[in-house]
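Undergrad: heads up, no residue letters with this:
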């Protein structure tokens, strides 16, 4: 083994760890780009904003907490197949939206009355 002091070994170990963590972050952002895209919305998200679930597209629905591209697509597809939501509670019928997620979404959604 190379003749490093105990302090030099500790510094090298820490440096290798930082490099590995940085590489892992780069790998994750390339493999899962939709995860990093969601971060862009978080910066501009207003917690008081309510999204109309009958008018919102996938890009807008992704701004909701715990809603990614798959759930947003499921909401849009459900709406296409069944028509507009008449009550917020109907959102529970969308595949992938259970009682817990529904409760988390309620403060952030609405249905515009015409």
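TA: Yep, it's here. Because the structure is predicted, anything quoted here is derived from the model rather than measured.
Undergrad: which helix in the chain runs the most residues?
TA: Identified as the longest helix of the chain according to DSSP state H is helix 6-31.
Undergrad: now the element after the lowest-mean-pLDDT helix or strand in the chain, going C-ward?
TA: Across the helices and strands of the chain, mean confidence by mean pLDDT, DSSP states H and E is lowest for helix 33-44: a mean of 53. Sequence order places strand 51-52 as the next helix or strand after helix 33-44, per DSSP states H and E.
Undergrad: how near is the residue positioned nearest the centre of the chain to residue 110?
TA: In the chain, the residue lying closest to the centroid (CA atoms, centre = their mean) is residue 68, at 4.6 Å. Noted for residue 68: a distance of 21 Å to residue 110, by CB to CB, to the nearest Å. C-betas here are computed from N, CA, C, even on glycine.
Undergrad: what does residue 73 give?
TA: 21 Å.
Undergrad: neighbours of the closest residue in space to residue 4 that isn't next to it in sequence, how many?
TA: The shortest distance from residue 4 to any non-neighbouring residue, by CB to CB, 6 or more residues apart in numbering, is to residue 12 (6.9 Å). If you count neighbours by other CB atoms under 10 Å, residue 12 ends up with 12.
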